[in-house]
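Visitor: sequence-free structure coming up:
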Ligand code: HEC
C-alpha cells in the first residue's frame, strides 16, 4: 500500500525463479511464509534486555464463536439510532454508554495503568481473549517491534500528500518553539492492535497456517476467506507517541512504554536504526461490527488526558466520539451549498484535552489526519488485485488522501472517499475493479501488502529513510 512500492507481479516472480535470477532465493528457502507471517517482531531483543517481550497471539479460534451475547457484546444491546438526520448530542444521547460498554470489555483483566511490564495482555483470566494480525513483522521500516508489538503508524503518513512540514509524524498544536525545534521531525506514533475472538475467527480463515492469504469467490468477486467480520467483532488499538509531557502537558502520568523504534540522528531525523525508547499512551481506538450501522462498522476513540479525573491511566482515557458513516450528504462529499451538517459522527465536544476532529464534523482522533475520518479511511481498505504489490491511489483506493481532500467540495474523489458502502462493495469511484475488499481492516491491508512483497520479491523492502514515509 505504500506509494513507493514497485508493483511486482506474481508472474514476474515465477519467471525470475525459473530463470534462476532471484538473488534472494536463499532467504526464501530458509523462512517460509508461515514463519514470516506469524513471527513476533522484525528483530529480537538484545541479550542484556530484561523487559517485556511481545508474542504474536495467532492461535485463532477454529470454531465460529456464534452469536455474541450481552455479557461479551454489551454495546449491541444498547438502544442507539444510527439513522438520525440531525446532528447528535454526546451528553444526552446513549453514545457515551455505547462507547463505555466497548471499553469496559477491552479493559477487562488489564492492568489499570497499562504498565510497561504488563502492557496490553492478550491472556485474560487464563484464556486467550485477544489476537494479532499476521504479516506485520515483515517490513523493517514500520514492522512490529519486540517489546510491545507496536508498528509504526501509517495514519501520519498521509501528510505526505498534504504538504505538512513534518512528513513522518503528526504535529501537535500549541507547542512552544523550543519543543518544535527539539522535535523538528515531529512525533512518531507506534501502535498495537488486537482483535477479539469474533474478529480472530475471520483472521484464522483469511490467514491459514501456511501464512498465505486464502481467497475465495463470493458472487463473482475474489474476497478473503472468513470475511466479512461477523457481528461480535471488536478491535482495539493502543497508540503511543514520543512526545513528552514537558512539550505536551496532557501526556503527564500516562502509561510509559519502552518500544524498539527509530532512533534520532544528531540533526533530529529519524533513522532506520532501532533502539528502545520511551513512548506514552495517547489514544485508544476501538471498532465494532454492528448490523444497525449503515456501514456495518462503528468506530470510537479515546484520548489520554492528565487533566481528566481518575486515579489510573485507564480512568483518564476520555471518550472523544463515535462514527458509523462518512456523511455522504455533507461537504466535501457534496459542494458546500448543498451540504447538511454531519450526523453520522457524534463528538464529545466538552473536553479539556486537545483534540482536532476529522473533516467537516466527522470523527478523527488526536493523532489522525484532520482532513479524513475514521470511517472514510477504513472503509477504503482493499488489497491489490491478484495480490500484487499495491500502489496507493493506482491499484487500491487513496486511503491516505489525495490532492483536494476535504477541500474540493463535490469532487468525484471526495464524493467517493466520503461515502457509505459495505463489504464486498467496490470502492464507489469504480476505479479499482479487481481490488480485494477487506471489510474495513487496514491492518489486513498491511498484511496483504507485506505478503505480496514476500510472494513477488522474496525479501522485504529495505529501510532507507523513515522520514520519507
Ligand atoms: C487516514 C487513515 C486513517 C484514519 C483517519 C483512521 N485510521 Fe485507523 N488505521 C489506519 C491504518 C493504516 C491502520 C492499520 C495500520 C496500523 O494499525 O497501524 C489502522 C488501524 C486501525 C485499527 C486496527 C484494526 C484495523 O482496522 O486495521 C483500529 C481499531 C482503528 N484503526 C481505529 C480507528 C479509529 C477509531 C479512527 C478514528 C478515530 C481511525 N482508526 C482513523 C488508518 C486510519
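Guide: Perfect, thanks for sending it. Keep in mind it's a predicted model, so treat the numbers as computed, not measured.
Visitor: contacts made by stretch 248-257 with the rest, please.
Guide: 113-116, 119, 147-148, 150, 172, 175, 179, 240-241, 243-245, 278-282, 303-307, 313, 316, 353-354 (Cβ atoms under 8 Å, 6 or more residues apart in numbering). From N, CA and C alone the C-beta is placed, and that goes for glycine too.
Visitor: can you turn the buried part of those into a PyMOL selection?
Guide: Buried subset of those, written as a PyMOL selection, criterion 16 or more other Cβ atoms under 10 Å:
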select buried, resi 113+114+116+119+147+148+150+172+175+240+241+243+244+279+280+281+282+303+304+305+306+313+316+353
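Visitor: state the three-state secondary structure for whichever residue of the stretch 1-150 of the chain sits closest to the ligand.
Guide: Nearest residue of the stretch 1-150 of the chain to the ligand, counting by Cβ to the nearest ligand atom: residue 133, 7.1 Å away. Here residue 133 is recorded as coil under DSSP: H, G, I helix; E, B strand; the rest coil.
Visitor: what do you get for residue 310?
Guide: Assignment for residue 310 (three-state DSSP): coil.
Visitor: can you count the residues close to it?
Guide: 12 (other Cβ atoms under 10 Å).
Visitor: what residues are up against it?
Guide: Going by Cβ under 8 Å, 6+ apart, the list of residues near residue 310 reads residue 316.
Visitor: quick check: phi and psi at it.
Guide: phi 140, psi 140 (degrees, to the nearest 10).
Visitor: equivalent analysis for the one 5 residues further on, please.
Guide: Dihedral angles of residue 315 (phi, psi; degrees, to the nearest 10) stand at phi -70, psi -20.
Visitor: that one touches residue 309, doesn't it?
Guide: Yes - Residue 315 lies in contact with residue 309 (Cβ atoms under 8 Å); the separation is 7.4 Å.
Visitor: before we move on, back to that, on the three-state scheme, the closest residue to the residue of the stretch 1-150 of the chain closest to the ligand other than its chain neighbours is what?
Guide: Among residues not flanking residue 133 along the chain, residue 443 sits closest, at 4.2 Å (Cβ to Cβ, 6 or more residues apart in numbering). At residue 443 the chain is in helix, as set by three-state DSSP.
Visitor: before we move on, back to that, out of the contacts of stretch 248-257, list just those in strands.
Guide: Using DSSP state E, the subset of these located in strands is 240, 241, 278, 279, 280, 281, 282, 303, 304.
Visitor: quick one: residues in contact with stretch 429-442.
Guide: Taking Cβ under 8 Å, 6+ apart as the rule, stretch 429-442 contacts 133, 154, 215, 221-224, 227-229, 235, 287, 295, 297, 377-379, 381-387, 395-397, 399, 412-413, 416, 423-427, 444-445, 448.
Visitor: and the gap between residue 359 and residue 444?
Guide: 24 Å (Cβ to Cβ, to the nearest Å).
Visitor: cool, residue 453 as well?
Guide: Look at residue 453 and residue 444: by Cβ to Cβ, they are 15 Å apart.
Visitor: looking at the two, which is more packed in?
Guide: residue 444 (28 against 23).
Visitor: show me which residues of the stretch 251-400 of the chain sit near the ligand.
Guide: Residues of the stretch 251-400 of the chain lying close to the ligand by Cβ under 6 Å from any ligand atom are 285, 287, 299-301, 363-365, 368-369, 372-374, 377-378, 399-400.
Visitor: which of those residues fall in helices?
Guide: 374, 377, 378 (DSSP state H).
Visitor: among the residues you listed, who's most crowded?
Guide: residue 374 (28 neighbours).
Visitor: next, give phi and psi for residue 215.
Guide: Dihedral angles for residue 215 - degrees, to the nearest 10 - are phi -110, psi 150.
Visitor: so who does it touch?
Guide: 222, 223, 224, 225, 387, 436.
Visitor: and the fifth one, its phi and psi?
Guide: The phi/psi pair for residue 387 (degrees, to the nearest 10) reads phi 60, psi 40.
Visitor: residues contacting it?
Guide: Per Cβ under 8 Å, 6+ apart, neighbours of residue 387: 10, 213, 215, 436, 448, 451, 452, 455.
Visitor: and which of those residues is nearest residue 338?
Guide: residue 436 (33.4 Å; Cβ to Cβ).
Visitor: where's that closest one relative to the ligand, distance?
Guide: 15 Å (Cβ to the nearest ligand atom, to the nearest Å).
Visitor: give me the number of residues near that residue?
Guide: Residue 436: 25 surrounding residues under other Cβ under 10 Å.
Visitor: equivalent analysis for residue 180, please.
Guide: 15.
Visitor: who has more neighbours, residue 315 and residue 309?
Guide: residue 315 (13 against 8).
Visitor: tell me the contacts of the more buried one?
Guide: Neighbouring residues of residue 315 by Cβ under 8 Å, 6+ apart: 112, 308, 309.
Visitor: so what pLDDT did it get?
Guide: Note on residue 315: pLDDT of 97.
Visitor: likewise for residue 170?
Guide: 44.
Visitor: thank you kindly, that will do.
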